[in-house]
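A.B. asks: Sequence and predicted structure below; questions after.
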2 protein chains.
Amino acid sequence: MKKAVVLLSGGMDSATVLYLAKSKGYKCFCLIFDYRQRHRREITSAEKLARQAGCHYHVVKINIPGDNSSLLNRKIKIRQAGKGIKNIPSTYVPARNIIFLSFALSYAETMHADTIFIGANVIDYSGYPDCRPEFFRAFAVAAAAGIKAGLAIKIKAPLLEMSKADIVRLGSKLGVPFGLTWSCYRGGRKPCGKCDSCYYRKKGFIEARIKDPQLN
Amino acid sequence: MKKAVVLLSGGMDSATVLYLAKSKGYKCFCLIFDYRQRHRREITSAEKLARQAGCHYHVVKINIPGDNSSLLNRKIKIRQAGKGIKNIPSTYVPARNIIFLSFALSYAETMHADTIFIGANVIDYSGYPDCRPEFFRAFAVAAAAGIKAGLAIKIKAPLLEMSKADIVRLGSKLGVPFGLTWSCYRGGRKPCGKCDSCYYRKKGFIEARIKDPQLN
């Protein structure tokens, strides 16, 4: 059985990617990151999702140096969505996907997995440079050069150019338990409904004409 | 003053790189990794080296998933040196330099540093794939694509093609306190003298005709 490492944040995109990988016949090993994020409850969501999908998972604890991201530093405000993307938002954590992918690469080599799945998305994304298609292409080349010769670990970002509505539709078809996912950057008891992440989620469900079970 | 992030393991190579970066006029920010390595005392060495050099440092704690490296799993033997390099040795931790570099990249972007220094070495190296020049070149391309547009963070591995003897000579010239460094993979009270890391260190000092202060 072919194996894959799936980067699982606990949000709707990575949950959809997990179910997509399963539907393609991969035995999935999920990597969940505890990086002291403000919305720590996404970790619990990710663990629930992995268990629900019947997959192995591993929580990697890391402390990313620096505190000029609003996801790492509660003193920095999270902007309201819908004001247009001009600058990289305060939620940006420098090189976060690069860090996540390098752990995934290590894990994949260890577990003899030939594919890494990541739920990055470029259409509705919030201006993060490490979500750009050219980054993933370049990282795959570096990955191939930096691991054991002969291993060919593929990096797949199947949602990269999909809209959030498309992701909702795909996830629904695959039976993703969206009610277990968590998107809100603020990480309160309920989704704030105002941050970028809540905004794009809501827009996606509305456009797909599917009810978000989280809002029941 | 130009700034650099220096990956500091506590060994003689990264210590030499730190002093080299300082001699080039960089204000250095050291990243030290606690990855549950068997030779944990290299962390203490790294901290001492950073303090001695008057540099900021940050210890990043990470748990690398998987335990099939002898540096992470004490049940796996560390081979004796000098038996010829046929396979990648048991001390290999998959994608370790990739993980270290991605944290360095994040830290560099946060601290507005324009250069990352890494003490990787390919001549006397032990067959680690993420020490190959082609890996560093490819990683630099991925790094440029994955961080904020316009930032050009250079990745420098100035010891890459030097022999250990050359490194000893360079370090001595730069005033590296080699007595504070730690190389032995076994991480006992004294260097074992038998692992790859001890072997190459010893060879380097002998060839450079310089006395290793650690053996006093």
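C.D. replies: Alright, I've got the coordinates. Predicted, not measured: the structure shown is a model, and the values here were computed from it.
A.B. asks: From now on I want contacts and neighbour counts done on CA atoms only, so please keep to that.
C.D. replies: Noted.
A.B. asks: At which residues are the strands of chain A located?
C.D. replies: For chain A, the strands defined by DSSP state E cover A:3-7, A:27-34, A:56-61, A:115-117, A:154-156.
A.B. asks: Where is the longest helix in chain A?
C.D. replies: helix A:96-111 (DSSP state H).
A.B. asks: hey, C-alpha coordinates of that helix in PDB?
C.D. replies: Only the C-alpha atoms of helix A:96-111 are listed here, as PDB (Å, rounded to 0.1, in the frame of the first residue of the first chain):
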ATOM      1  CA  ARG A  96       6.000  28.400   8.000                       C
ATOM      2  CA  ASN A  97       5.200  26.100   5.100                       C
ATOM      3  CA  ILE A  98       9.000  25.600   4.500                       C
ATOM      4  CA  ILE A  99       9.300  24.500   8.100                       C
ATOM      5  CA  PHE A 100       6.300  22.200   7.900                       C
ATOM      6  CA  LEU A 101       7.400  20.700   4.600                       C
ATOM      7  CA  SER A 102      10.900  20.000   5.900                       C
ATOM      8  CA  PHE A 103       9.500  18.000   8.800                       C
ATOM      9  CA  ALA A 104       7.200  16.200   6.400                       C
ATOM     10  CA  LEU A 105      10.200  15.400   4.200                       C
ATOM     11  CA  SER A 106      12.000  13.900   7.200                       C
ATOM     12  CA  TYR A 107       9.000  11.900   8.300                       C
ATOM     13  CA  ALA A 108       8.300  10.700   4.700                       C
ATOM     14  CA  GLU A 109      11.900   9.400   4.400                       C
ATOM     15  CA  THR A 110      11.700   7.700   7.700                       C
ATOM     16  CA  MET A 111       8.300   6.100   7.000                       C
END
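A.B. asks: Mind giving me the packing neighbours of it?
C.D. replies: Under the contact criterion of 3 or more C-alpha pairs under 8 Å, 6 or more residues apart in numbering or on different chains; DSSP states H and E, helix A:96-111 touches strand A:3-7, strand A:115-117, helix B:96-111.
A.B. asks: let's see 10 Å
C.D. replies: Contact analysis of helix A:96-111 by 3 or more C-alpha pairs under 10 Å, 6 or more residues apart in numbering or on different chains; DSSP states H and E lists strand A:3-7, strand A:27-34, strand A:56-61, strand A:115-117, helix A:133-146, strand A:154-156, helix B:96-111, helix B:133-146 as its packing neighbours.
A.B. asks: next one: the fifth one to chain centre, how far?
C.D. replies: Its chain's C-alpha centre lies 18 Å from the corresponding centre of helix A:133-146 when counted by C-alpha atoms, centre = their mean, to the nearest Å.
A.B. asks: Is any residue of that helix near chain B?
C.D. replies: Yes. Helix A:133-146 is in contact with chain B by C-alpha under 10 Å from any C-alpha of the partner chain, via A:133-146.
A.B. asks: Using JSON lines, lay out those residues together with neighbour count and pLDDT.
C.D. replies: Formatted as JSON lines, the residues of helix A:133-146 next to chain B follow (neighbours: other C-alpha atoms under 10 Å in any protein chain shown; pLDDT from 0 to 100):
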{"residue": "A:Pro133", "neighbour count": "18", "pLDDT": "87"}
{"residue": "A:Glu134", "neighbour count": "16", "pLDDT": "87"}
{"residue": "A:Phe135", "neighbour count": "20", "pLDDT": "89"}
{"residue": "A:Phe136", "neighbour count": "24", "pLDDT": "90"}
{"residue": "A:Arg137", "neighbour count": "16", "pLDDT": "90"}
{"residue": "A:Ala138", "neighbour count": "19", "pLDDT": "91"}
{"residue": "A:Phe139", "neighbour count": "25", "pLDDT": "92"}
{"residue": "A:Ala140", "neighbour count": "22", "pLDDT": "91"}
{"residue": "A:Val141", "neighbour count": "19", "pLDDT": "90"}
{"residue": "A:Ala142", "neighbour count": "23", "pLDDT": "90"}
{"residue": "A:Ala143", "neighbour count": "27", "pLDDT": "89"}
{"residue": "A:Ala144", "neighbour count": "21", "pLDDT": "87"}
{"residue": "A:Ala145", "neighbour count": "24", "pLDDT": "86"}
{"residue": "A:Gly146", "neighbour count": "26", "pLDDT": "83"}
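A.B. asks: Could you work out the most separated pair of those residues?
C.D. replies: Greatest spatial distance among the residues of helix A:133-146 next to chain B (C-alpha to C-alpha): A:Pro133 and A:Gly146, at 20.1 Å.
A.B. asks: rewinding a little: right, and the helices and strands packed on helix A:96-111 - which one's nearest A:Lys75?
C.D. replies: Nearest of the helices and strands packed on helix A:96-111 (C-alpha to C-alpha): helix B:96-111, 16.3 Å.
A.B. asks: I'd guessed A:His61 sits against A:Ile99; true?
C.D. replies: Actually, residue A:61 is Lys. It isn't His. No. With contacts counted by C-alpha atoms under 10 Å, A:Lys61 stays clear of A:Ile99, the gap being 11.9 Å.
A.B. asks: Between those two, which has more neighbouring residues?
C.D. replies: Between A:Lys61 and A:Ile99, A:Ile99 has the larger neighbour count (other C-alpha atoms under 10 Å in any protein chain shown), namely 22 against 15.
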